[in-house]
Each structure stands twice: as C-alpha cells, then as structure tokens.
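[1] here you go, sequence then predicted model.
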Amino acid sequence: MDTTHWAVDGWVDAIQAPGPRGTATFDLIVRPADIDALPEDAPDTVVTCTSGDPRITHELLNGIQPGDLLRVTGTLVQPPASGEPARLTVDALEVLDTGLIPILRDMVMGRYGDYCVIFDADRDQVPVFTALGKWVGLGDHPDAIATLIDIHERLNGGDT
C-alpha cells in the first residue's frame with residue numbers, strides 16, 4: 001500500500017461519525033483544480049478521512065457542518081482495490097469557509113433513554129449512538145431503532 005503526506009481542500013459531504021477509540025470519520029468531496037478541462041459528468045473524488053487527535057475529533061463532531069470547506073493535511077493511503085475511496089489520516093484541519101446554515105426541520109436528533117438517534121429527511125437510515133457518543137449502529141429505517149438498541153444492550157449487558 002502506498003502512503004503519502006498530503007494536503008487537500010474539499011467539502012464535508014455529510015454528518016461526521018464518531019468512530020472507535022475516540023476517532024471521527026468523515027467524507028471529503030474534492031474537485032480537481034482543472035475542473036473546466038474535464039467533461040461535465042466527470043465525478044468528484046471522495047476521500048474518506050479519519051482523525052484520532054482529540055482536538056480535531058472535537059472540532060469535527062461539534063463545529064464542522066456538511067457543506068463546510070476544509071483544508072486537511074495528513075497521511076494518504078491509496079485504496080487496496082480500484083473503486084474504493086482513498087483514506088486520509090488527518091493530523092491538521094483548517095476551516096476555509098462555512099457552508100450554509102443547516103435547515104433544522106430536515107434533521108432531528110431524538111433521545112431513547114441512554115441512546116441518541118439522528119433522523120434525516122434525506123435518508124432512510126438512522127444512526128444510533130449512546131448518550132456518551134459511542135457508536136451503536138445504523139438502522140435501515142426508523143422502525144429498526146428498537147431492535148438495534150435491544151441487540152446492543154444484549155451484547156453489552158446494558159452498559160451504554
């Protein structure tokens with residue numbers, strides 16, 4: 001696998017997700033510098049980014065919104081197979097521009113006891129976290145939340 005130290009500017013595509021052991025993961029949409037020379041239907045590049053730095057993780061989970069323009073610097077790992085996104089481990093992050101203020105009616109956070117869920121009008125899937133921010137899973141639809149929580153509690157003995 002090839003690795004390179006890399007800096008890139010791109011837009012945050014969706015809500016960042018907390019990962020295991022204090023990490024955060026997000027997708028960055030990167031457009032080529034010579035976009036005018038490419039065909040109109042040329043795809044954007046998606047770079048999957050992860051950071052374990054507590055300052056960056058905190059900023060990603062609390063201050064960064066979809067649509068924000070970021071400059072990220074870190075170690076780029078080329079994908080093992082073509083068609084998979086490249087992965088960037090971020091060690092520096094700079095906000096270059098903020099996206100539009102999100103419309104709150106399209107996204108709602110709900111609480112189910114010790115669990116939090118995010119309902120997004122644009123997606124059927126529902127992310128589920130513990131109230132402390134630990135990732136539980138992704139429900140295929142809102143009706144799957146109870147099943148996902150039940151499975152998590154059985155596997156973890158009720159420890160959220």
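    Great, that's in hand.
[2] distance-wise, check the nearest residue to Pro79 once chain neighbours are set aside relative to Thr23.
    Residue nearest to Pro79 in three dimensions, not counting chain neighbours: Ala86, with 5.7 Å by CB to CB, 6 or more residues apart in numbering. C-beta here means a position set from N, CA and C on the backbone, and glycine is covered the same way. From Ala86 over to Thr23 the distance is 17 Å, taken as CB to CB, to the nearest Å.
[3] Ala17 is in contact with Thr48, isn't it?
    No. At 10.9 Å, Ala17 does not count as touching Thr48 under the criterion of CB atoms under 8 Å.
[4] any shared contact partners between these two?
    Common neighbours of Ala17 and Thr48, using CB atoms under 8 Å, 6 or more residues apart in numbering, are Thr25, Phe26.
[5] neighbouring strands for whatever helix or strand Asp9 lives in, and are they parallel or not?
    Here Asp9 sits within strand 3-12, counting by DSSP states H and E. Strand 3-12 sits in its sheet next to strand 24-30 (antiparallel), strand 69-77 (antiparallel), going by DSSP bridges.
[6] just the pLDDT for the spatially closest residue to Gln16 that is not a sequence neighbour.
    Of all residues not flanking Gln16 in the chain, Phe26 sits nearest, at 4.1 Å (CB to CB, 6+ apart). Looking at Phe26, its pLDDT reads 87.
[7] and Gly74, by the same measure?
    pLDDT, Gly74: 93.
[8] who touches stretch 116-131?
    15, 17-18, 105-111, 114-115, 135-142, 144-145, 148-149, 152, 160.
[9] drop anything exposed from those residues.
    Buried members of those, scored by 16 or more other CB atoms under 10 Å, are Ile15, Ala17, Pro18, Tyr115, Trp135, Val136, Gly139, Ala144, Ile145, Leu148, Ile149, His152.
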